[in-house]
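Visitor: Following is a predicted model, sequence given first.
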Amino acid sequence: MKRKLFSSLQSKYMLLICVALILFQFVYLLVSMVFSGISNQTNRDERPDYRKVEQSWHQAAKELTPDSAEAVEQLYEAWAKQFPQAAMFWVNGAGELKSSWNVERELPQTWTAMNTAQYMKSSYGNDPYTVIAFVAGSEQHGFVVIELPRKLFQSMLENVYDRFGTLLLGSVLAIILLFIFISYWFFRSIRKRLLYLQRAMSMRDSDNLPVAIHVRKQDEIGQLEQAFNHMVLELKQSRERELEEEHIRRQLIANLSHDIRTPLTKLRANAYTISKHELPAPVATAAQSMEGSVRQIDELVDNLLAYTLLIGERYRMELKHVAINRFLREHLASWYAAFEQEDFEVEIKLGEMKQPEWMIDPIWMKRILDNLLQNVLRHAKSGKYVAVETTSCEGYDVIRIIDQGNGIDEGKQHSEGAGIGLSIVDMMVKGMGLSWQVYRQAPYFIIEIRKPYQRSGAKHPPVAF
């Protein structure tokens, strides 16, 4: 129960405040008791009063017999009993120093009006307290002087303060500084733990997930660390489930692709066999339509498999230096017959580029071109026009595929396979460090594949897949 009570930061700080208040109260009570006792002792003790001492000394001097050394000695002895620290001396009417009592400094043997006045001026208001009185009440018989330390007139409280005031003030100041230091240390430890928590939260493991934190104390910050660790655990479990689902999905798609292609191959073979026979026109048209549908399904399955591999970053990419114009000329030759069969007007304009060689994966680039040209065949038949050209623009080289069809947005409405194909194009283009742009410039619909100019000393774009 005790450990749980003081495991909270709030309870620890309240304990700190309570200890400080108790300590201040203890010091206050101790000082009050000490000074109260001193005050009571002071009231019981009889300490001399300046005015009474002055009056008594004048009265005693007035009662002295003129020029009587014996009377002066008796005066010394009487006052020395009452004030052992008193210093006294007698100067007669001729200005001669006749006697002294307990005087430690050297006094002038002859006193004139000038040095008497100087002595009185230097003694006024200083320590020791000095009283000068005329013998027998007349200045003709000389004067007697008494010097008393001023501390005799102070109360015991004043004496204690003079002796221990600095120590008392230092003790109070030390307690205040101790409280400030403990408070600073308390909040500094909290700040240090929060900064550690901030740094730990920004750390990532090999899967780019947060790393669990070691919980050192069971307080509010420790509870926050435990909640963060619970979140990290849930993220890892979610990531594992996601990877497992992705693996199952890829395996399912791969199996489906294999299972679908087997009957498609048989259908294609049967359609080819049927087309070799002389058939009525409607039957021949149906056979051609069936063969086209089989080919379209095969392409769709192939795109689906490729898309799955790209999403899972399993589609291998090997960047090579490729002479892009030559590559396009060779690849487009395989498409020429397909466009001619559909009565397309084909234009190929391969111009000079600032970067004649592109750092690309030839297989990826072929797939990109195949998907785009296939979309032209499917969705731009009404225009009967396709053009492929290369050129240099400000800041980049470009490959343009131009047609007079409805465009990709409208084409997507007629075929779901077009969406997968364009997603494959987007990921492959970006994976090779290129970009692409689609726009309409009436009556043409234009797709551009752009390669920014390579800066001097710049590295090749990172491999994304």
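Guide: Structure's in. What do you need?

Visitor: State the number of residues packed around G142.
Guide: As a burial measure, G142 scores 24 neighbours (other C-beta atoms under 10 Å). C-beta here means a position set from N, CA and C on the backbone, and glycine is covered the same way.

Visitor: Let me see the contact set for the closest residue to it other than its chain neighbours.
Guide: Nearest non-adjacent residue to G142, counting by C-beta to C-beta, 6 or more residues apart in numbering: N92, 4.0 Å away. Shown in contact with N92 (C-beta atoms under 8 Å, 6 or more residues apart in numbering): 67, 98, 135, 141-142.

Visitor: lowest-pLDDT helix or strand in this protein?
Guide: helix 408-412 (a mean of 49; mean pLDDT, DSSP states H and E).

Visitor: re the thing from before, as TSV, the contacts of N92 with secondary structure, pLDDT and distance to F179 would be great.
Guide: Shown next, in TSV, are the contacts of N92 (DSSP: H, G, I helix; E, B strand; the rest coil; pLDDT from 0 to 100; distance: C-beta to C-beta, whole Å):
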residue	secondary structure	pLDDT	distance to F179
D67	coil	78	70
K98	strand	82	65
V135	helix	83	64
H141	helix	81	67
G142	coil	86	64
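
Visitor: Would you map out the domains in this structure?
Guide: 2-45+156-195, 50-153, 224-308, 318-452 (automatic domain parsing).

Visitor: Could you list the low-pLDDT ranges of this structure?
Guide: Filtered on pLDDT under 70, the chain yields the residue ranges 1-8, 28, 31-47, 154-165, 257-258, 261, 312-313, 407-418, 455-465.

Visitor: Would you check that M203 makes contact with V211?
Guide: Yes: shown here, M203 and V211 form a contact pair, counting by C-beta atoms under 8 Å, at 4.7 Å.

Visitor: residue ranges for the strands of the chain, please.
Guide: Remark: strands assigned in the chain by DSSP state E are 87-91, 97-101, 129-134, 143-148, 320-323, 345-350, 357-360, 385-393, 396-403, 435-441, 444-452.

Visitor: ok, back up a step: most packed of the domains of the chain?
Guide: Ranked by mean neighbour count, the domains of the chain are led by domain 318-452 with a mean of 17 (mean count of other C-beta atoms under 10 Å).

Visitor: I'd like the distance from that one to the chain centre, please.
Guide: From the chain centre to the centre of domain 318-452 is a distance of 49 Å (C-alpha atoms, centre = their mean, to the nearest Å).

Visitor: Just the terminal-to-terminal distance for that domain.
Guide: 20 Å (C-alpha to C-alpha, to the nearest Å).

Visitor: Quick one: closest of the domains of the chain to Q218.
Guide: Among the domains of the chain, domain 2-45+156-195 comes nearest to Q218, with 4.9 Å by C-beta to C-beta.

Visitor: now A94, nearest residue through space, not along the chain?
Guide: G142 (7.7 Å).

Visitor: From H331, how far off is that neighbour?
Guide: When C-beta to C-beta, to the nearest Å is the yardstick, G142 and H331 sit 139 Å from each other.

Visitor: Ok, L15 next?
Guide: From L15 to H331 the distance is 80 Å (C-beta to C-beta).

Visitor: P280 now?
Guide: 39 Å.

Visitor: Please apply the same query to Q437.
Guide: For Q437, the distance to H331 (C-beta to C-beta) stands at 21 Å.

Visitor: The longest helix along the chain packs against which elements?
Guide: Longest helix in the chain by number of residues (criterion: DSSP state H): helix 220-275. Packed against helix 220-275, as judged by 3 or more C-beta pairs under 8 Å, 6 or more residues apart in numbering; DSSP states H and E, are the following elements: helix 9-44, helix 156-202, helix 281-311.

Visitor: let's see it at 6 Å
Guide: helix 281-311 (3 or more C-beta pairs under 6 Å, 6 or more residues apart in numbering; DSSP states H and E).

Visitor: Turn the domains of the chain into a markdown table, including distance to R216.
Guide: Shown next, in a markdown table, are the domains of the chain (distance: least, C-beta to C-beta, whole Å):
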| stretch | distance to R216 |
| --- | --- |
| domain 2-45+156-195 | 8 |
| domain 50-153 | 60 |
| domain 224-308 | 8 |
| domain 318-452 | 45 |
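
Visitor: Out of the ones you listed, the one nearest D207 is which?
Guide: Between D207 and those, the shortest separation by C-beta to C-beta is 6.2 Å, and it involves domain 224-308.

Visitor: and I274, what is it in contact with?
Guide: I274 sits next to A287 when contact means C-beta atoms under 6 Å, 6 or more residues apart in numbering.

Visitor: go again using 10 Å as the cut-off
Guide: 283-284, 286-288, 290-291 (C-beta atoms under 10 Å, 6 or more residues apart in numbering).

Visitor: same thing with Q10?
Guide: With C-beta under 10 Å, 6+ apart, Q10 has these contacts: 219-220.

Visitor: oh, and call the first residue 134 from now on, that's how I've got it
Guide: Sure thing, new numbering starts at 134, so read that last one as Q143.

Visitor: gap between it and I346?
Guide: Counting by C-beta to C-beta, the gap from Q143 to I346 is 22 Å.

Visitor: G355 now?
Guide: Taking C-beta to C-beta, one finds G355 at 10 Å from I346.

Visitor: which neighbours do those two share?
Guide: With C-beta under 10 Å, 6+ apart, G355 and I346 have common neighbours L330.

Visitor: What lies in contact with stretch 145-162?
Guide: 138-139, 141, 301, 304-305, 308-309, 311-313, 315-316, 318-320, 322-323, 352.

Visitor: change it to 7 Å
Guide: 139, 305, 308, 312, 315-316, 319 (C-beta atoms under 7 Å, 6 or more residues apart in numbering).

Visitor: Adding distance to D503, write those residues out as CSV.
Guide: Shown next, in CSV, are the contacts of stretch 145-162 (distance: C-beta to C-beta, whole Å):
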residue, distance to D503
F139, 72
V305, 89
I308, 85
F312, 79
I315, 75
S316, 73
F319, 69
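
Visitor: Show me the two of those residues that sit farthest apart.
Guide: Farthest pair in the contacts of stretch 145-162, by C-beta to C-beta: F139 and V305, 28.1 Å.

Visitor: Include distance to E206 when you put the contacts of I407 into TSV, please.
Guide: Shown next, in TSV, are the contacts of I407 (distance: C-beta to C-beta, whole Å):
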residue	distance to E206
V416	164
A417	163
A419	159
A420	159
Q421	157
M423	154
E424	153
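
Visitor: between those, which is nearest W491?
Guide: The closest of these, once distances to W491 are taken by C-beta to C-beta, is E424, at 35.8 Å.

Visitor: looking at it, that closest one is touching A404, isn't it?
Guide: Yes: assessed by C-beta atoms under 7 Å, E424 is found in contact with A404 at 4.2 Å.

Visitor: List the residues that contact K482.
Guide: So K482 contacts 520, 522 (C-beta under 7 Å, 6+ apart).

Visitor: Understood, closing this out.
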